[in-house]
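Q: sequence first, predicted model second:
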Amino acid sequence: MNDGEIRALQQIVDRSRRIVFFGGAGVSTASGIPDFRSAEGLYAGEEDGLSPEMILSKTFFYLQPERFFDYYRKHMLYPEAKPNAAHRKLFELEQADRLRGIVTQNVDGLHRAAGNIRVYELHGNVHENHCMDCNAPYPMEAILQAEGIPRCKDCGGVIKPDVTLYGEPLEKYVCIGAIREITNADTLVVAGTSLAVEPAASFTGHFRGKHLVVLNRDPVPGEEQATLVIRGDVAEILERIEVRPA
Ligand SMILES: [Zn+2]
């Protein structure tokens with residue numbers, strides 16, 4: 001990240017009225033949530049020969065719920081995590097009428113916690129959970145505090161996180177909304193995630209606006225299509241952007 005790149009991003013932001021932000025794990029690392037797919041991230045490790053993709057799958061949830069919840073509590077829930085400079089800047093941009101929406105692969109709920117309204121959580125949110133039998137809603141604490149499999153206090157059914165597991169389809173209406181925003185965007189900022197890997201590719205492929213910006217710590221597949229690429233931590237980059245009213 002250098003001053004020239006920040007100036008270029010500032011200029012794009014100042015000229016945009018319908019920015020859509022498409023974010024991945026790299027947006028939340030500054031909040032202390034590890035990047036799922038990075039070399040040292042969650043998905044690099046294995047437990048008993050099982051990859052995290054296997055444990056966090058629909059099949060594993062139904063076959064071995066106890067082990068699923070052990071892993072889920074240990075690696076997916078960060079009750080202390082707070083929005084970082086990236087989340088806060090995106091809230092300011094929405095307030096200033098420059099940002100149309102946020103499409104995120106993250107399940108930490110930090111964009112909503114920062115105050116953003118138009119947030120499309122492609123993989124759901126760890127704060128929303130429900131009883132599989134009576135549909136009663138439960139907060140994240142119900143999962144955290146339970147020992148073993150979390151159970152509904154009314155009917156004893158299993159409480160399932162509203163998080164998309166491997167092997168489950170994405171929520172249809174969230175996808176439709178996200179694609180609509182990306183299609184109408186004048187600028188698309190893809191941050192902390194790869195452009196060319198699913199599900200990002202099927203979403204960002206709808207963009208037909210002017211500026212495609214990539215913010216990421218490491219090179220990502222597909223970044224050669226971008227008008228501006230800035231290498232660095234997403235929070236550190238966005239912290240330097242000034243929000244001017246549209
Ligand atoms: Zn119930």
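A: Arrived safely, thanks for sending. Computed from a prediction, not measured in an experiment: that's the story for all the values here.
Q: measure the most centrally placed residue in the chain to the ion for me?
A: Centroid-nearest residue in the chain, with CA atoms, centre = their mean: Asn106, separated by 2.2 Å. Distance, Asn106 to the ion, by CB to the ion, to the nearest Å: 28 Å. C-beta: built from backbone N, CA, C; applies to glycine.
Q: where does pLDDT dip in the protein?
A: 36-48 (pLDDT under 70).
Q: need the residues of the protein near the ion, please.
A: Contact residues, the chain versus the ion (CB under 5 Å from the ion): Cys131, Asp133, Cys134, Ala136, Cys152, Asp154, Cys155, Gly157.
Q: which of the residues you listed sits closest to Ala113?
A: The nearest member of the residues of the chain next to the ion to Ala113, counting by CB to CB, is Ala136 at 23.1 Å.
Q: what is the longest strand of the chain by residue count?
A: Using DSSP state E, we find that the single longest strand of the chain is strand 124-131.
Q: contacts for that one, please.
A: For strand 124-131, contacts defined as CB atoms under 8 Å, 6 or more residues apart in numbering pick out 76-77, 107-109, 112, 136-140, 142-143, 150, 152, 154-155, 157-164, 171.
Q: filter the residues you listed down to just the ones in strands.
A: Using DSSP E, the contacts of strand 124-131 in strands are Pro137, Tyr138, Ile159, Lys160, Pro161, Asp162, Val163.
Q: tell me how far the first one lies from Val214.
A: It stands for Pro137. Noted for Pro137: a distance of 37 Å to Val214, by CB to CB, to the nearest Å.
Q: these two: who's more crowded?
A: It is Val214, of Pro137 and Val214, that has more neighbours when counted by other CB atoms under 10 Å, with 26 against 12.
Q: so who does that one touch?
A: Val189, Val190, Ala191, Leu195, Val220, Glu223, Ala226, Leu228, Val229, Ile230.
Q: what pairs with whichever strand or helix holds it, and is each one parallel or antiparallel?
A: Assigned by DSSP states H and E, Val214 falls within strand 211-216. Strand 211-216 sits in its sheet next to strand 187-191 (parallel), strand 228-231 (parallel), going by DSSP bridges.
Q: can I get the ones you listed in a markdown table including distance to Glu92 and mean neighbour count?
A: A markdown table is the format used below for the strands paired with strand 211-216 (distance: least, CB to CB, whole Å; neighbours: other CB atoms under 10 Å):
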| stretch | distance to Glu92 | mean neighbour count |
| --- | --- | --- |
| strand 187-191 | 14 | 26 |
| strand 228-231 | 19 | 18 |
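Q: please tabulate those in JSON lines, including the columns distance to Leu63.
A: JSON lines is the format used below for these (distance: least, CB to CB, whole Å):
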{"stretch": "strand 187-191", "distance to Leu63": "35"}
{"stretch": "strand 228-231", "distance to Leu63": "42"}
